[in-house]
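J.: Curious how this folds, go ahead:
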Amino acid sequence: MLPLDETGSLGQPFLIQRRDIIATVLIIIQGAWVHVCQRENITINCDEPRIAGALYHEMWNEKERRGISGPPRIENESAERQSEESLKPDGFIDFKMIYGWTQQDYFGIECKRVSSVTQGNNRNLATEYVTNGIMRFVKGIYSPNHDFAAMLGFVIDGNIDNCVNRIQRRINDRTQILNLEENWITEDHFGNYQDLYRTRHGQIDLDNAITLLHLFVTIN
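T.: A predicted model of the protein is given here:
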């Protein structure tokens, strides 16, 4: 785990790898999420950009609370390009957790609202998590040629277990489309998190496999 007071000299690159910063990023998210849930303007009826925006502000606050003066630098709704030569963005990822000086020195996170309900407007959220979330990493729109990235699920019905089960089933139904190289499994290499999982996917048209972390948090 990256020391929480890690800093660097002015003008010098941080010698940090994505794998090394993930544990710190997860700590920041978990600490910030407590304060997101205390906001009166965040409810289960909020859309994903509003929830992610609240999390953005609280992650910066959490860095300050913990005295983290170095990386990561947090960007919200950041442009993503499949090629460094692309002039127009191919998409906008919810968070880039930037820890270095090159274009590739970031840990990418995409957020989605999720629910276990089978009727109503939210019945397709588990499918959208896969088709409009995971697939953007598989296609290389997000985090091209990266070794790690993450999906963050905002659980709006309080039922994390059923949300996880629904998402697993949709992944199992799309193993070929998702270029699945490692099935859904609990992730325990970055700390003790009850609702942290991982999958591994080949990125289409890229000679690269990416490990996706899946973290779920409940909107109280």
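J.: Go through stretch 141-160 and flag the buried ones.
T.: Neighbour-count burial for stretch 141-160 flags 141-144, 146, 148-157, 159-160 (criterion: 16 or more other CB atoms under 10 Å). Backbone N, C-alpha and C define where each C-beta goes, glycine included.
J.: from these, which ones fall inside helices?
T.: Of these, the ones assigned to helices by DSSP state H are Ile160.
J.: List the ones among the buried residues of stretch 141-160 that fall in strands.
T.: Per DSSP state E, strands hold the following members of these: Phe148, Ala149, Ala150, Met151, Leu152, Gly153, Phe154, Val155.
J.: In contact with the closest residue to Arg198 other than its chain neighbours, which residues are there?
T.: Spatial nearest neighbour of Arg198, excluding adjacent residues (CB to CB, 6 or more residues apart in numbering): Glu187 at 4.2 Å. By CB atoms under 8 Å, 6 or more residues apart in numbering, Glu187 lies in contact with Tyr193, Leu196, Tyr197, Arg198, Leu213, His214.
J.: From those, pick the one nearest Val117.
T.: Nearest to Val117 among the contacts of Glu187: His214, at 19.4 Å, using CB to CB.
J.: Now tell me what touches the helix or strand hosting that closest one from outside.
T.: Per DSSP states H and E, His214 falls inside strand 209-218. With CB under 8 Å, 6+ apart as the test, strand 209-218 has contacts from 22, 26, 29-30, 33, 114, 134, 137-138, 143, 146-155, 158, 160, 163-164, 167, 181-182, 184, 187, 190, 193, 195-203.
J.: For Pro13, give me the pLDDT.
T.: What the model reports for Pro13 is a pLDDT of 45.
J.: Gly8 now?
T.: pLDDT, Gly8: 44.
J.: Offset the numbering so it begins at 111, please.
T.: I'll keep to 111 as the first residue from here, and by that count the last item is Gly118.
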